[in-house]
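In: Please work out how this folds:
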Amino acid sequence: MSFRTAYGNLYSENGWRMCNRDECVLVDGPHMDTAPLRSGAPAIILGDFVRRYDAEVAPVVSSVWGWSRNNDVGTSNHLSGTAVDINAPQWPWGLRRMPGDLVARVEALVDWYEGAVFWGRDWSRPDEMHFQVGIPEGDPRLNRIVAKILNPDPVYDPRTDPQVLAGFWQLIPE
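Out: Now for the predicted structure:
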């Protein structure tokens, strides 16, 4: 694994070290075979985000873009493998074209990640296709979000709740 200087920068805009391709992995997900992501927390967080985007926001219908060797923006988070572009042909850089109902679904999904995912739509030059890790490298909050993804709370089932069962059995005559 190796890190690099890109356009004179050791770190991308979100505080992650610039890396080479060998620092990245491919993760399962719709059209993710073209999106190398920084191994570790970024791959877990952004991989989960893309899969949930596809299921909860809108279908992912084109190649997802991840790590890149070169970029027009010298501090781009793509250079550190900590950003993805989803459905890029639909959402061109610099325009706000996404319908309100879709914006609301994206915002709800982004909120679930508690700051670990940032949406480029919020920049002064909007980038509706762009999502990036929103927490700097080494921040302990990353571990909490990764744990939340890997160990989700089980679905509540009242049939297994001891208090519900105790109350139920009190209703049954002996």
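In: now the strands for this protein?
Out: Using DSSP state E, the strands of the chain run over 24-25, 37-38, 83-85, 117-119, 130-133.
In: What pairs with the second one, parallel or antiparallel?
Out: Sheet pairing here is set by DSSP bridges, and for strand 37-38 it gives strand 24-25 (antiparallel).
In: between the strands of the chain, which one is nearest to Gln170?
Out: strand 117-119 (46.0 Å; CB to CB). Any C-beta I mention is one placed from the backbone N, CA and C, and that applies to glycine too.
In: Could you dump the strands of the chain into CSV and include distance to Val57, mean pLDDT and mean neighbour count?
Out: Output for these, formatted as CSV (distance: least, CB to CB, whole Å; pLDDT from 0 to 100; neighbours: other CB atoms under 10 Å):
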stretch, distance to Val57, mean pLDDT, mean neighbour count
strand 24-25, 24, 98, 19
strand 37-38, 19, 98, 27
strand 83-85, 13, 98, 27
strand 117-119, 11, 98, 21
strand 130-133, 11, 98, 27
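In: can you list these in CSV and add distance to Val73?
Out: Listed next are the strands of the chain as CSV, based on distance: least, CB to CB, whole Å:
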stretch, distance to Val73
strand 24-25, 18
strand 37-38, 17
strand 83-85, 10
strand 117-119, 15
strand 130-133, 10
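In: Out of those, which gets nearest to Tyr53?
Out: strand 130-133 (8.0 Å).
In: Please save the CA atoms from the closest one in PDB.
Out: Below are the C-alpha coordinates for strand 130-133, written out as PDB (Å, rounded to 0.1, in the frame of the first residue of the first chain):
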ATOM      1  CA  HIS A 130     -20.800  13.500  -5.500                       C
ATOM      2  CA  PHE A 131     -20.600  12.000  -2.000                       C
ATOM      3  CA  GLN A 132     -17.500  11.800   0.200                       C
ATOM      4  CA  VAL A 133     -16.300  10.700   3.600                       C
END
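In: helices and strands around it, which ones?
Out: Applying 3 or more CB pairs under 8 Å, 6 or more residues apart in numbering; DSSP states H and E, we find strand 130-133 packed against helix 41-52, strand 83-85, strand 117-119.
In: what's in contact with that strand?
Out: With contact meaning CB atoms under 8 Å, 6 or more residues apart in numbering, strand 130-133 is reached by 13-14, 16, 41-42, 45-46, 49, 53, 77, 82-86, 93, 110, 116-121, 142.
In: What strands line up against it, and which way round?
Out: Checking strand 130-133 against DSSP bridges gives partners strand 83-85 (antiparallel), strand 117-119 (antiparallel).
In: thinking again about what came up before, nearest to Ser63 among the strands of the chain would be which one?
Out: strand 83-85 (8.9 Å).
In: Alright, I will stop here.
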